[in-house]
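S.K.: Whatever this is, show me its structure:
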Amino acid sequence: MNSVYQIIATTGSSLIIVTALMPLVLKISHKFRWYADKHPRKIHTNDLPHIGGTGLFIAATLSVALYYILDGLIFKGGGASFGKFLPLLVAYLLIHVTGLVDDFTDMHARYKFFIQFAVAAVLAFMGYTIRAVELPWSDITIHLGAGAYIVTILWLAGASNAINFIDGMDGLAAGVSAIAALVYGIVFLIIGSSTSAFIAFALLGALIGFLLFNSPPAKIIMGDCGAIYLGFFLGSLPLLEHSGTSTLLGIMIPFSLLLFPVMDTASAILRRIRRKVSIIKPDREHTHHKLLDLGLSQRQILAITYLLELLPCSAIIVWAATGNRNCFWFLLATWIVMITFFIVLDVIYHRREKTRPQPAKNA
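M.R.: Next comes the predicted model:
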């Protein structure tokens, strides 16, 4: 019963905080004209405040603080201590501030990546690492040794940018992150990782509140200060109580929850390599752009994206609840469905582009 109360307290508090904060953020943003830059590849044509991620960060952080206070004063402690979470909180702050600076100054990508890799490296060398991966279809465990640091750093930096890559449409990044936070919370509760679960629910509450202002048509967007923070948060949370272990959480859960943005990111990188341009060069061919060009509405795109995200999530919950390794094949099937979606969409999109009439050239 204590768990139910703590879930309500953490989720509810972050939802209330972000709902109360967002009108203030909107008022300040409009007063100082803190708007997202307009660009042909962006969907929005109106002035939109771009620091909604600050409200997300504050709400989630205060809610986590409330969880630790209530856990110590009212509920039975026993999860990860605040000292264990503190390095992650500092990392979240640094990543959030990096995104905030980028939102206002258009920081060069190399500096942004350097900070992300540096923060990830510090966490890895502090012991927040993926040290081993258990093969789900056998009893074999692959110990990464010194490679654990490289794998962890690449994973955290990649997760941070994965959410940022899909943050191009109202409700998309926030909705996908909310689904991931919900599944994290459920799975962590099932396997007894209570602290990680309540922190996930704190993020979920903040995202639900944010979506009230970010769903189509959006009044505010999260900006880089929200997108790279969310990716880093979701990528690092399993390391709080399961750092170094070769459990189910080793790589399957975070990878599956972030599979959609990871696939979109991988598609973008391959596309830019094929065209011999920088992999960080922005374009207008992300998944949501393609679907928009094919005539779907923003709400239809959100429905498709959320459904695709829920496929691996359902497999993860069943696997965690039953402990049956055969569920891996169910999970693998959902990965194949999602990969097939990306391939088919790419083929349809490019065939349509080839048959689209080209504008007449001036004589």
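
S.K.: which secondary element of this protein has the worst mean pLDDT?
M.R.: strand 132-134 (a mean of 73; mean pLDDT, DSSP states H and E).

S.K.: helices or strands next to that one in the packing?
M.R.: strand 141-143 (3 or more Cβ pairs under 8 Å, 6 or more residues apart in numbering; DSSP states H and E). C-betas here are computed from N, CA, C, even on glycine.

S.K.: so residue 107, which of the three states?
M.R.: coil (DSSP: H, G, I helix; E, B strand; the rest coil).

S.K.: where does it land on pLDDT?
M.R.: Residue 107 carries a pLDDT value of 89.

S.K.: does it really touch residue 97, like I thought?
M.R.: No - using Cβ atoms under 8 Å, residue 107 makes no contact with residue 97, being 11.0 Å away.

S.K.: For residue 93, grab the count of nearby residues.
M.R.: 14 (other Cβ atoms under 10 Å).

S.K.: what's the answer for residue 83, then?
M.R.: 7.

S.K.: now for the one helix or strand it maps to, which elements pack on it?
M.R.: In this assignment (DSSP states H and E), residue 83 forms part of helix 82-105. Secondary-structure packing of helix 82-105 (3+ Cβ pairs under 8 Å, 6+ apart): helix 52-73, helix 109-125, helix 223-236, helix 239-242.

S.K.: looking at the ones you listed, which is closest to residue 212?
M.R.: helix 52-73 (11.0 Å; Cβ to Cβ).

S.K.: Mind listing what's buried along the closest one?
M.R.: Under the neighbour-count criterion of 16 or more other Cβ atoms under 10 Å, helix 52-73 has 52-64, 66-68, 70-71 buried.

S.K.: and if you look at stretch 204-216?
M.R.: 204-211, 213-215.

S.K.: chain center to that stretch: distance?
M.R.: The chain centre lies 14 Å from the centre of stretch 204-216; the measure is Cα atoms, centre = their mean, to the nearest Å.

S.K.: Could you do stretch 124-134 as well?
M.R.: The mean C-alpha position of stretch 124-134 is separated from the chain mean by 20 Å, Cα atoms, centre = their mean.

S.K.: Read off the pLDDT value for the most centrally placed residue in the chain.
M.R.: When Cα atoms, centre = their mean is applied to the chain, the residue found nearest the centroid is residue 231 (3.7 Å). Model confidence at residue 231, expressed as pLDDT, equals 92.

S.K.: residues in contact with the nearest residue to it once chain neighbours are set aside?
M.R.: Leaving out its chain neighbours, the residue that sits closest to residue 231 by Cβ to Cβ, 6 or more residues apart in numbering is residue 163, at 3.6 Å. Residue 163 makes contacts with 173, 176-177, 227-228, 230-231, 234, 258, 261, as judged by Cβ atoms under 8 Å, 6 or more residues apart in numbering.

S.K.: do the same with residue 123
M.R.: 87-88, 91, 152, 156, 236, 239.

S.K.: ditto for residue 255
M.R.: Residue 255 neighbours (Cβ under 8 Å, 6+ apart): residue 262.

S.K.: Is it part of a helix or strand, or is it coil?
M.R.: helix.

S.K.: Quick check: residue 235 touching residue 155?
M.R.: Yes - assessed by Cβ under 8 Å, residue 235 is found in contact with residue 155 at 6.0 Å.

S.K.: Common neighbours of these two, please.
M.R.: residue 254.

S.K.: Of these two, give the one with the bigger neighbour count.
M.R.: Comparing residue 235 with residue 155 by neighbour count (other Cβ under 10 Å), the higher total belongs to residue 235, at 25 against 21.

S.K.: For the more buried one, give its distance to residue 226.
M.R.: 15 Å (Cβ to Cβ, to the nearest Å).

S.K.: ditto for residue 330
M.R.: For residue 330 relative to residue 226 (Cβ to Cβ), the value is 32 Å.

S.K.: Next: residue 178.
M.R.: With Cβ to Cβ as the criterion, residue 178 and residue 226 are 12 Å apart.

S.K.: Between these two, point out the one with more neighbours.
M.R.: residue 226 (33 against 22).

S.K.: Who are the contact partners of the more buried one?
M.R.: Taking Cβ under 8 Å, 6+ apart as the test, what residue 226 contacts is 52-54, 56-57, 96, 99, 167, 173-174, 210.

S.K.: hmm, try it at 7 Å
M.R.: Residue 226 makes contact with 52-53, 56, 99, according to Cβ atoms under 7 Å, 6 or more residues apart in numbering.

S.K.: The longest helix anywhere in the chain - what's its average pLDDT?
M.R.: For the chain, the longest helix by residue count, based on DSSP state H, is helix 2-32. Summarised as a single mean, pLDDT over helix 2-32 is 90.

S.K.: Give the other helices and strands that that helix contacts.
M.R.: Here helix 2-32 touches helix 52-73, helix 194-214, going by 3 or more Cβ pairs under 7 Å, 6 or more residues apart in numbering; DSSP states H and E.

S.K.: Which positions in that helix come out as buried?
M.R.: 6-7, 9-15, 17-19, 21-22, 25-26, 29.
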